[in-house]
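A.B. asks: let's see this in three dimensions:
(chains A, B, C and D)
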4 protein chains.
Amino acid sequence: MPLTPDQIAEIEDARAQRHQTIRATAPGMEAHLYKAHEVLDHGFVRVIDYMGDDAAITQAARVSYGKGTKKVTNDEGLIRYLMRHWHSTPFEMCEVKFHVKLPVFVARQWIRHRTANVNEYSARYSILNREFYIPAPDALAAQSVVNNQGRGELLEGDEAERVLSILKADAMRAYDHYEDMLSQDGQKGLARELARMNLPANIYTQWYWKTDLHNLFHFLRLRADVHAQYEIRVYAEAMCAIVADWVPLAYGAFADYRMGGVQLSGKAIDCVRRMLKGEEVTQASSGMSAGEWREFEATLKD
Amino acid sequence: MPLTPDQIAEIEDARAQRHQTIRATAPGMEAHLYKAHEVLDHGFVRVIDYMGDDAAITQAARVSYGKGTKKVTNDEGLIRYLMRHWHSTPFEMCEVKFHVKLPVFVARQWIRHRTANVNEYSARYSILNREFYIPAPDALAAQSVVNNQGRGELLEGDEAERVLSILKADAMRAYDHYEDMLSQDGQKGLARELARMNLPANIYTQWYWKTDLHNLFHFLRLRADVHAQYEIRVYAEAMCAIVADWVPLAYGAFADYRMGGVQLSGKAIDCVRRMLKGEEVTQASSGMSAGEWREFEATLKD
Amino acid sequence: MPLTPDQIAEIEDARAQRHQTIRATAPGMEAHLYKAHEVLDHGFVRVIDYMGDDAAITQAARVSYGKGTKKVTNDEGLIRYLMRHWHSTPFEMCEVKFHVKLPVFVARQWIRHRTANVNEYSARYSILNREFYIPAPDALAAQSVVNNQGRGELLEGDEAERVLSILKADAMRAYDHYEDMLSQDGQKGLARELARMNLPANIYTQWYWKTDLHNLFHFLRLRADVHAQYEIRVYAEAMCAIVADWVPLAYGAFADYRMGGVQLSGKAIDCVRRMLKGEEVTQASSGMSAGEWREFEATLKD
Amino acid sequence: MPLTPDQIAEIEDARAQRHQTIRATAPGMEAHLYKAHEVLDHGFVRVIDYMGDDAAITQAARVSYGKGTKKVTNDEGLIRYLMRHWHSTPFEMCEVKFHVKLPVFVARQWIRHRTANVNEYSARYSILNREFYIPAPDALAAQSVVNNQGRGELLEGDEAERVLSILKADAMRAYDHYEDMLSQDGQKGLARELARMNLPANIYTQWYWKTDLHNLFHFLRLRADVHAQYEIRVYAEAMCAIVADWVPLAYGAFADYRMGGVQLSGKAIDCVRRMLKGEEVTQASSGMSAGEWREFEATLKD
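C.D. replies: All right, here's what the predicted structure looks like:
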């Protein structure tokens, strides 16, 4: 349960408010505002604020004065055109601010996306809560034997139990010691900025993370991808569902051109052309390395 | 007159709309939304959208769940503290999108601020309007004789008249020729992307420009400064007035610490300390160069 | 002739210097250093400094201590792998600084690439030279009749002559008037920051432009593309030739995956799969719009 | 001891190489190249590559063709002028790449500086080493009682011993368990990307970190400041010493205007002016809050 009763009450309170505005509003996004979408065992992602909608994208593309009179089909065509031809600036006209609660090792991957604004809970200033990510049984995977950077089969039986008991016991002990070191009961108490160093990377932190739609799409393409680590992918997937409701046309174009699309090298598209003419192309005649050919064949079969 | 009757009608139409939202709204900013604030002879700046308010800044600083129960005096104190200690990320939580119409030579200075999103009217795709900046008499200044990068006295009499007539005649002729070259009356017509090269830098362009409050403050500090070129400063001043209504606490802190504040070097603050102890400090005993000392003396007298 | 005899002498002087360094050097780049590659009628691009080489990319990817013992074939495979899978950070480890002389309307497109460092010649501070871009006959194109943002056939005969004579005469007159307004012969002289507004967009400016290899590739992909305006494309092509000598492995991967590669949408790759199985796919059965299908067919034929 | 004998041999090998270049070289920086400056108990910072020197800053400011003929005193005056007036782009013309080994909790602070390029050792791909930061006795401080975000007195006696023994034991146990979970001895072995979550924040990581001089100065101003956490400040101080040798004029200006300088608010400089005229200014008459007045008084006394 990621939220306390107090937090739930605050969210309901925030959602009960009604303001009048003459700004553009996105009804699909209003429905998500403030709500916590649960991710992993204690995490969540929720929208705190947003700016713009699908119309803001086409309006920027036209740099026009008003909403124009174009029909929705035209807007969709324009948005797909912009996405297809890598016109990124119109998508930058939409902005969104998330509140995310996430394990530290996920936060360390996430922060590598630099074109965003971040305010993280400060463990120099405040005391972290006793909340740790412990993988569910279906996320407890072995090291992949074919991929240095991925997962293989699930751990089962004794090995799974042993791993889980280590993770749980170490987390609790580390937190007990964190509290012991901070303690001022007749002692000085270690500075918070030092005591935190004893906490493992599966402890939860939280932050406000704000970015524009173009950079959000870039983040989602990499982090909702099947090669991303499972623990960040589930956050990206929750955000995809939110974005699909916020800017349905832009999300549709993104899903088709980026998430569902493929990038073919010059060699690869040349092979496709030859194959369509009936040529039997092999790795040897493709000009590709073994690894490239393997990926190319997988793309054609998918 | 920067706006056509059609544009005025569109703005009034946009302002007449009322949407319900559960987002935070800033009443001071709602009053500005869409309205064109006239700048120079044909330019304007107007707010198209915004995200956040003063509370969004303190909320990010606290990374708390709700609005908290702190009184406004605390919010003001916290915002001043953040500004004083260069904590920039909470100010990044507010975002604003402007529609600006401005001369090209002003746009060329403006665009040097890179941390912003921009969609400019495309002179490859569309035809520019016949609108040029011609300085008003009180902006027609001579080259400064003490500052390589500034203005001196006003031009007057014959010289002023001659300069104005050159600027006006050249602008009109350049635009006539632009139209002539584009003309397809029995001819092919030069490509728009080429024809535009004949237009001088005082022609007006327009763009959507979106940035966060921290980077906006940085822009305003440099461009609302007395050393900025007059033609960009008037845009910055119009924006200052808007921002003061949008986030009054943050703007107040900005005005005091950045616009009204001064940066003293180590040598300069050391001189101040010695002077406060009664020492008569001269340039020779200050350790400063002549130029630094001159600026230092001006700061103390201001 | 873009360079004066003095400038040529300075470049030869700079190239005659020899320093010892223990930094990595790229012999292919040393051969280019300082040399001006002429572009358009008065422009050039030249390398002022650089950091890193192909090995710096693989070294960052490995975050190893030294050069390692991997063979070049491995380096090439690794670099192609990084490019294929959009791993951008290793390419960011190389940096290059160019000195570019270019028409203002080209500079206005170029500056939209924000992730770079720029120092431009200041027309507030200094007086611009009498140098304007006048298109060569084979660049004097009509507006495209199929593409709002492109060129069609060449202008010829009377129309070509008329356009060229307008461009030349207006440029000379504008510059004469620029000088007249600046003149202090018995007059005050208009401030330089104002006088420049009379100069058309084909006047040359110059700047130092510094960026990392990842962002340079992004720039080159968009600006060396066949859809880019000719006048910026020739700069991008000159830079491609330099980069190919600097980091031959990275440039090879870029040429194959980015310049020569194609991006297929989910719908498009699905059509390819069906076609390879022998299905006759039409626009109607493709799920694509007419415009998308046209681009898709062109890709397969290319 | 942060370096293994193999690493030391590699560094010596790299330093023994001599290349000829016609690029500018900075002799003070060549002396540092590749050398590991030890920081904390197992960390280091070392320069891997650099671009530019003091002359590159003034050259960009002048956008000139060559080195010019200005004397060093002029270069120093120009650099101090640029620093005083917040002209940041010339400083962006210098670039440096560091290899840093640092505890994860320091890396988490460091990465918040977004305008830099980073390649970090991947704990998804590789196994981390058994190296943890354990504070030296003179860094083992209690929580400050006056500052929520700082340190107070040193811990001593039993409390110090108890804290150190906790940190050491927990680190060793966490690493033992990390190895146990990865172990494949008759078991599948947990994926590396999961096993790392058990490791505390004082484990060491390493990265390549590349930035330009302007952004490096911004980093150093905040992180070499007395309010920065000790464990990142020691890295910043080591980098300050390197930068002082690399670009002595720019570093001198930075030390005087940024590190040694102070920012006074409009209210504060007004008080200084009144005090210099002999007025006895108190908090009540200053217009400042109690906190601001306390900081102001400290500035004047310092």
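A.B. asks: got the domain ranges for chain A?
C.D. replies: Domain assignment for chain A by automatic domain parsing gives A:5-133+A:204-259, A:135-201, A:266-301.
A.B. asks: most packed of the ones you listed?
C.D. replies: Comparing the domains of chain A by mean neighbour count (mean count of other CB atoms under 10 Å in any protein chain shown), domain A:5-133+A:204-259 ranks first with a mean of 20. To be clear about C-beta, it is placed using only N, CA and C from the backbone, and glycine gets the same treatment.
A.B. asks: rewinding a little: could the domains of chain A be laid out in JSON lines, adding mean pLDDT and distance to B:Phe217?
C.D. replies: Below are those laid out as JSON lines (pLDDT from 0 to 100; distance: least, CB to CB, whole Å):
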{"stretch": "domain A:5-133+A:204-259", "mean pLDDT": "93", "distance to B:Phe217": "14"}
{"stretch": "domain A:135-201", "mean pLDDT": "93", "distance to B:Phe217": "29"}
{"stretch": "domain A:266-301", "mean pLDDT": "95", "distance to B:Phe217": "46"}
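A.B. asks: select, out of these, the one closest to C:Arg233.
C.D. replies: Comparing the domains of chain A against C:Arg233 with CB to CB, the closest turns out to be domain A:5-133+A:204-259 (16.0 Å).
A.B. asks: and the most centrally placed residue in chain A, how far is that from B:Lys35?
C.D. replies: With distances taken as CA atoms, centre = their mean, A:Ala236 lies nearest the centre of chain A, 2.7 Å away. Going from A:Ala236 to B:Lys35 by CB to CB, to the nearest Å gives 39 Å.
A.B. asks: so what touches stretch A:291-302?
C.D. replies: With contact meaning CB atoms under 8 Å, 6 or more residues apart in numbering or on different chains, stretch A:291-302 is reached by A:262, A:264-265, A:267-268, A:271-272, A:283, A:286, A:288, C:77, C:80-81, C:84, C:269, C:272-273, C:276.
A.B. asks: if you set the cut-off to 7 Å instead, what comes out?
C.D. replies: Stretch A:291-302 is contacted by residues A:262, A:268, A:271, A:283, A:286, A:288, C:273, C:276 when judged by CB atoms under 7 Å, 6 or more residues apart in numbering or on different chains.
A.B. asks: in helices only, show me the residues you listed.
C.D. replies: A:268, A:271, A:283, A:286, C:273, C:276 (DSSP state H).
A.B. asks: then the residue nearest to the centre of chain A would be within a helix, right?
C.D. replies: Yes: counting by DSSP: H, G, I helix; E, B strand; the rest coil, one finds A:Ala236 located in a helix.
A.B. asks: relative to A:Phe44, how far out is it?
C.D. replies: Taken as CB to CB, the span from A:Ala236 to A:Phe44 is 14 Å.
A.B. asks: which SS class is A:Ser126?
C.D. replies: coil.
A.B. asks: who touches the nearest residue to it once chain neighbours are set aside in this structure?
C.D. replies: Spatial nearest neighbour of A:Ser126, excluding adjacent residues (CB to CB, 6 or more residues apart in numbering or on different chains): A:Arg192 at 7.3 Å. Contacts for A:Arg192 (CB under 7 Å, 6+ apart) come out as A:123-124, A:127, A:182, D:143.
A.B. asks: related to what we said a few turns ago, pretty sure the residue nearest to the centre of chain A is touching A:Leu222, no?
C.D. replies: No: shown here, A:Ala236 and A:Leu222 do not form a contact pair, counting by CB atoms under 7 Å, at 8.3 Å.
A.B. asks: and stretch A:212-223, C-alpha only, in PDB?
C.D. replies: Below are the C-alpha coordinates for stretch A:212-223, written out as PDB (Å, rounded to 0.1, in the frame of the first residue of the first chain):
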ATOM      1  CA  ASP A 212       7.800  18.400 -22.100                       C
ATOM      2  CA  LEU A 213       6.000  15.900 -24.300                       C
ATOM      3  CA  HIS A 214       8.800  15.500 -26.800                       C
ATOM      4  CA  ASN A 215      11.300  14.500 -24.100                       C
ATOM      5  CA  LEU A 216       8.700  12.400 -22.300                       C
ATOM      6  CA  PHE A 217       8.200  10.400 -25.500                       C
ATOM      7  CA  HIS A 218      12.000   9.900 -25.800                       C
ATOM      8  CA  PHE A 219      12.000   8.700 -22.200                       C
ATOM      9  CA  LEU A 220       9.000   6.400 -22.800                       C
ATOM     10  CA  ARG A 221      10.500   4.900 -26.000                       C
ATOM     11  CA  LEU A 222      13.600   3.900 -24.100                       C
ATOM     12  CA  ARG A 223      12.000   2.900 -20.800                       C
END
